[in-house]
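how would this look folded up:
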Amino acid sequence: MSTTRSLEVDVLLVEDDADDARYVERLVHGHRTRRDERGVDAPIAIAELDHVDRLADAEERVRTRPPDVVLLDLMLPDSRGVSTVESMVEAAPELPIVVLTGRDDAEVGVEAIQRGAEEYLVKESITAEAILRTLRYAIERTRRRSELRDRNQRLALLNRLLRKDIRNDVSMIVGLTDQIRREREHGDEATIETVLEAAGHVAKLTDTAAELTSVISEDDVRHAPCNLIDVVEGSVANVRREYDASMRIERPESGAPILVSGSPMLGSAFVHLLQNAVEHSDRSVPRVTVTVETSADRATVSIADDGVGIPDTQKDLLTDPSVRFDEASGMGVGLYLVTTVLEELGGEFEIEDNEAGGTTVTVTLDRVHSR
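All right, here's what the predicted structure looks like:
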C-alpha cells in the first residue's frame, strides 16, 4: 500500500570523487529496490541519475537538457567553495540545487544556501531517505517560490494598469469634461467624441483588470474539456457586435466537436486576440480570417488580419516569457492576459507575418479525446 505519492525526477549529480558518486548511486538504487519489494512509494522516484565530474560539464548539461534538481559537490577540479553554487545558479537560476559537502560544517551549508542553494547534505552522514526527502523539499520550495514570484509580477502589472493606464484615461475625461463645461455654448462635438472614446477605453480596461485578477487568483482557470469550435464562434460573435469588421471562420468540414483542455477564460483570451487584430488595422473595414485546424493530438486557431503588421523585434519580445513584465516589450494588458491563460492551459502562442501584409497569431492547444 502506498503511503506517499512519488514525484518522478531527473537528478544531475556533480561530483568529482568517483567513490563518492558511486556511493550516492548505490544508496539511491538500493533504496529503490527495497521500496519496490515492499510496494511503498518514496518521497520521490529518481527516473534518471546523471553524473558529471566538472562544473563546466554540469553547466552544459543544464543548458541543453535541464534536470529537475542538481546534487552539487562544492569542491570540483574547475571550481571550489561556495562560488561553485553561484556559478550553477547563474547557469540555471530556476533549478533547485542541493549542495554536497565533505565537512560537517554548518557555516558552509548556510553560506551555500545564502548563495542560492536550497539545502545541503553532509556526505559522511547521508542516507538514501535523507537524499530523497531533501531533493523533494528542494524541488517543492523552488516551485512554490517561482509561483509566488510570478504572482507578484502579475499583481505588479495589474497595479501598473490601475495606476497608469486607467488613471490616464480618467484624467483625460476630467480635463475634457471641464473643457466642455467652459465651451458648452459652442457645442464642441469633437471634444465630446474624445470623452466618449476615453470613457469606453476605461470601461474596457476595467473589464480586463477584472479578468486578469481572476487569472491571478486562479478562480476561473479550471481545466475542463470544451468544444473549441463553440469557443471560437462565441468569441467571434462577441467581437462582431462591437466592431464593424469582416470576420470569417474556416473549420474542418466534418463538423465534429474539437475537444481541448480549456477553461472559462479561454473565450476571453480569443476575444482579446480578435479585438487586437481589428483595432490594429488601418482599413475602413478590417478583414480577419480565423482558421481552426487539427492534428491527432493538437488543435490550432490562427487569427490572420490585414493590419499594419508587427516588426520582427517586437514579435520576439511579445512571445518571450522572460520579458513579458518589461514595459519595453510593448505587451498590453490584454495580450498579457492571453499569454497567462495559455500558459495555465499548457498552450502555445506564436506571431508571424502573413501574405496580406498583416499578422497571424496562432494558438495551439492539446486535444482531449472522449472515451
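
Local confidence estimate at residue 367?
As predicted, residue 367 sits at a pLDDT of 92.

Equivalent analysis for residue 163, please.
pLDDT for residue 163: 61.

Kindly report the same for residue 21.
Residue 21 is given a pLDDT of 92.

Ok, residue 78 next?
At residue 78, the model reports a pLDDT of 93.

Give me the longest helix you can find in the protein.
Counting residues, the longest helix found in the chain (DSSP state H) is helix 128-160.

Pull out the buried positions in the following helix or strand past that one.
Remark: after helix 128-160, the chain's next helix or strand is helix 167-183, criterion DSSP states H and E. For helix 167-183, the buried set under the neighbour-count rule, 16 or more other CB atoms under 10 Å, comprises 169, 172, 173, 176, 180. The way it works is simple: take the backbone N, C-alpha and C, and place the C-beta from them, glycine included.

For residue 88, state which of the residues you listed is nearest.
Distance to residue 88 across those (CB to CB) is lowest for residue 169, with 46.9 Å.

before we move on, the earlier item: how distant is the longest helix of the chain from the center of its chain?
In terms of CA atoms, centre = their mean, to the nearest Å, the centre of helix 128-160 is found 14 Å from the chain centre.

right, and residue 123 touches residue 20 too?
Yes. Judged on CB atoms under 8 Å, residue 123 makes contact with residue 20 at a distance of 6.0 Å.

Find residues that contact each of the two.
Residues touching both residue 123 and residue 20 (CB atoms under 8 Å, 6 or more residues apart in numbering) are 100, 102.

give me every residue that touches residue 243.
With contact taken as CB under 8 Å, 6+ apart, residue 243 is in contact with 275, 278, 279, 286.

From residue 199, how far off is the first one?
This means residue 275. Distance of residue 275 to residue 199, given as CB to CB, to the nearest Å: 17 Å.

what does the third one give?
The spacing between residue 279 and residue 199, counted by CB to CB, is 17 Å.

quick one, which of those two is more surrounded?
residue 199 (16 against 13; other CB atoms under 10 Å).

Contact partners for that one?
Contacts of residue 199 by CB under 8 Å, 6+ apart are 169, 173.

what helix or strand is it on?
Element membership of residue 199 [criterion: DSSP H and E] is helix 189-217.

Going toward the C-terminus from that helix, what's the next helix or strand?
strand 224-227.

Helices of the stretch 201-350 of the chain, residue ranges please.
Assigned by DSSP state H, counting those that start in this stretch, the stretch 201-350 of the chain shows helices spanning 228-242, 266-279, 312-318, 333-345.
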